[in-house]
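1. Predicted coordinates and the sequence they were generated for:
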Amino acid sequence: MKLSVVSTLYKSEPHIAEFCDRVSAAARRLVGDDFEIILVNDGSPDGSLDLAVARSAIDRHVTVIDLSRNFGHHKAIMTGLAHAKGDRVFLIDSDLEEEPEWLLPFADQMSDRKLDVVYGVQESRRGGSFERWTGAIFFSVNDWLSDFHLPRNLVIARLMTRAYVAALVSHQDHEFIIAHLFQLTGFRQDSQLVVKHALSPTTYSISRRIQMAIRYLMTTSTKILYLILYFGLTISILSVLTMAFYLIRYAVHGIGVSGFTSIIISIWFFGGMTMLVLGLLSVYIANILSETKRRPYTIIRDIHRGGATGIEGQADGVATAEDRSSLRSERARD
């Protein structure tokens, strides 16, 4: 198969028909009739699943992967990529804020420059001043604290080679931000400037964005741990020097240490720093716990292929190395 188009469904009911029509037209212009469209239903609460299954019943190109519940956008994406069989894989959101027609210029750039990945990037973030301001803060903090630099203003849409996708889905992280894995996988990547539309309100609330930012830093950064170490070492050295100063002053001049306010401030300061450090370490430990459980990060309830409903996915999660190995073996046989 020459091309796989992978997308996720969450409150996508108004867009499914137009999305499938437009992405099919773009795919036919690029590879003729040799393509597939994989739609991953991430526990959508509306009628997205029914519409997608109805589409697959009349369109042999459409495969619908129905997850057992909502696992999150990025994990649903990885599930779809793990099932893609095309020589090239086009990943795009189904809400039409990213245009399916980007496939063609992405493919031209990939061929001209012999790239493994072409991804979309915006000139500026969508949304109002607050969203852009908080986004700028996140990227600035990430550049300072994270071990890995992230390109700014990324969109989900990207065209990838089979080799790159196989390497991407081989990651076994359970707690991850997919933009980090995109860059961590490596290969020859380049961006293309795009204009993303704002047709619907985002499903990422402020609290969820803060949670994602904390999760990203706690799962990708060792600099924070070193900063804690250096901070503790600095405080210890200053404490020893301060004690030495007061002891020498008392021995030479007979002046004792006094001041209730200074003592209270010191207690509050060091108590707060202790709680902060313990909180940071607790997040790291929680991530370690999540990774060591080795649970599948998605569970597939059903797979619908061109009118036929398969049950091979009912116990299938794509989080384990065994699952990914079996998927690669199936692709090789195909």
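-> That came through fine. Everything quoted here is computed from the prediction, not taken from an experiment.
2. which residue ranges form the strands in the protein?
-> Taking DSSP state E as the criterion, the chain carries its strands at 3-9, 35-41, 62-67, 88-91, 117-122, 154-161, 189-194, 300-305, 308-310.
3. And for Ile214, the neighbour number?
-> Residues contacting Ile214 under the criterion other CB atoms under 10 Å number 12. Using the backbone N, CA and C atoms, a C-beta is placed for each residue, glycine as well.
4. Is Met160 in contact with Ile92, as I believe?
-> No: applying CB atoms under 8 Å, one finds Met160 not in contact with Ile92, separated by 11.4 Å.
5. Pick out whichever of the two has more residues nearby.
-> In terms of neighbours (other CB under 10 Å), Met160 is the more surrounded of Met160 and Ile92; the figures are 30 against 26.
6. Quick check, pLDDT for Arg331.
-> For Arg331, the model assigns a pLDDT of 43.
7. Nearest residue to Asp116 in space, please, no chain neighbours.
-> Nearest in space to Asp116, with sequence neighbours left out and distances taken as CB to CB, 6 or more residues apart in numbering, is Phe187 at 3.8 Å.
8. And the one you found, how close does it get to Lys114?
-> For Phe187, the distance to Lys114 equals 11 Å [CB to CB, to the nearest Å].
9. what do you get for His174?
-> Using CB to CB, one obtains 34 Å as the distance from His174 to Lys114.
10. likewise Ile224?
-> Look at Ile224 and Lys114: by CB to CB, they are 38 Å apart.
11. Could you list every helix and strand in contact with the top helix by length along the chain?
-> As far as residue count goes, and with DSSP state H defining each element, the longest helix of the chain is helix 260-293. Other helices and strands packing on helix 260-293, by 3 or more CB pairs under 8 Å, 6 or more residues apart in numbering; DSSP states H and E, are helix 206-220, helix 223-253.
12. Any idea how far it is from the middle of the chain?
-> Taking the mean C-alpha point of helix 260-293 and that of its whole chain, the gap between them comes to 27 Å (CA atoms, centre = their mean, to the nearest Å).
13. Run the angle between it and helix 223-253 for me.
-> Orientation of helix 260-293 against helix 223-253 (axes from the mean of the first three to the mean of the last three CA atoms, to 10 degrees) gives an angle of 150 degrees.
14. Quick one: mean pLDDT over helix 260-293.
-> In the prediction, helix 260-293 has an average pLDDT of 72.
15. And for stretch 107-125?
-> Averaging pLDDT residue by residue across stretch 107-125 gives 90.
16. Now do that stretch: distance to the chain's middle.
-> From the chain centre to the centre of stretch 107-125 is a distance of 19 Å (CA atoms, centre = their mean).
17. what's the answer for stretch 92-109, then?
-> Centroid separation between stretch 92-109 and its chain, computed with CA atoms, centre = their mean, is 19 Å.
18. How about residues contacting it?
-> Contacts with stretch 92-109, where a contact means CB atoms under 8 Å, 6 or more residues apart in numbering, come from 5-9, 12, 15-16, 18-19, 22-23, 25-27, 29-30, 39, 88, 90, 115, 118, 120, 155-159, 190, 192, 194, 196-200.
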